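S.K.: need a structure here:
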Amino acid sequence: MDPFDLQYARDIDVPLFDRSASIRREPSILDAVIQPIAAALIRTWMRVFHRMQIVNIENLPKDPPYVLVANHTSHLDTLAMMSALPRNARHCAHPLAAHDTFYTSHARAILAAKLINALPVRRSRADSHALDTLRSRLVEDREVLIIYPEGTRSDGQFIRPFLPGIGRLVAGTTVPVVPCRLNGCASAMPKGRWLPRTSKITLQIGKSIIFADQPETKQASQYIAETLHDAVVSL
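M.R.: Below you'll find the model as predicted:
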């Protein structure tokens, strides 16, 4: 790549106050200052207050891009997942966050964007344009995405079926997808609770799976979703 082949920022046409809630958001100088501090505080919180244990961290790919998929029971899930990221992935990692929860106001959107670098997704309908943008970021910009394919938080008793959007995102690519299972987040901060309890959290990391041989079809997307669901359940 020619270092002098400059391109316009992906979010150049997005109004200033809408950028935090835009899936095309580009990093800013302020992000480079705030996010490393936030990441250090998050890791400290998880280790001290939740005695967080990470099992098989060696299964994480050495370098981006890759996708982490996990079960979803708590708002603590994302903090736990981010705590496992190696240094070379923290600056380019994006948890996907529900638009109708974290982006209902500018204040929430700014906090989600600046503190954990989250990108918004709409749960009410499949957005092929948004998936294309995420796929481009993943493959071309070599980023890390943290995804909860259940689509919503469960009660922790069982893992819901995965939505096929994850399949549409990675089908036909060489991007590794890493199945992860979180235990303890539902007890520490169950759905409906806003202040966490100081209980133990464990993150189990499985071996990555690549779906380069899968076509970009509905059937393949469903197959990928089911394969990843089974991989998470088995951890």
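S.K.: now do the helix-or-strand element of the chain with minimal mean pLDDT: everything it contacts.
M.R.: Considering only helices and strands, the least confidently modelled element of the chain by mean pLDDT, DSSP states H and E is helix 99-102, at a mean of 70. Residues from elsewhere that reach helix 99-102, judged by C-beta atoms under 8 Å, 6 or more residues apart in numbering: 21, 108-109, 112, 118, 120-124. C-beta here means a position set from N, CA and C on the backbone, and glycine is covered the same way.
S.K.: repeat for stretch 76-86
M.R.: Contacts made with stretch 76-86 from outside it, assessed by C-beta under 8 Å, 6+ apart, are listed as 39, 42-43, 45-47, 50, 52, 54, 57, 60, 68, 70-71, 90, 93, 95, 97, 116, 118, 144, 146, 148, 180, 182, 185, 188-189, 196, 201, 203, 205.
S.K.: quick one: list the elements packing against the longest helix seen in the chain.
M.R.: Ranked by residue count, the top helix of the chain under DSSP state H comes out as helix 29-49. Contact partners of helix 29-49 among helices and strands, from 3 or more C-beta pairs under 8 Å, 6 or more residues apart in numbering; DSSP states H and E: helix 76-83, helix 87-90, helix 106-116.
S.K.: circling back to that earlier point, PyMOL command to pick out the buried ones of the contacts of stretch 76-86?
M.R.: Applied in PyMOL, the following selects the buried portion of the contacts of stretch 76-86 according to 16 or more other C-beta atoms under 10 Å:
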select buried, resi 39+42+43+46+50+52+54+60+68+70+71+90+93+95+97+116+118+144+146+148+180+182+185+188+189+196+201+203+205
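S.K.: name the SS class of the residue positioned nearest the centre of the chain, please.
M.R.: For the chain, the residue lying nearest the average C-alpha position, counting by C-alpha atoms, centre = their mean, turns out to be residue 146 (1.6 Å). Assigned by DSSP: H, G, I helix; E, B strand; the rest coil, the conformation of residue 146 is strand.
S.K.: surely it meets residue 92?
M.R.: No - checked against C-beta atoms under 8 Å, the pair residue 146 and residue 92 is beyond contact range at 11.5 Å.
S.K.: circling back to that earlier point, so which of the helices and strands packed on helix 29-49 is nearest residue 25?
M.R.: Residue 25 lies closest to helix 106-116 among these, at 6.4 Å (C-beta to C-beta).
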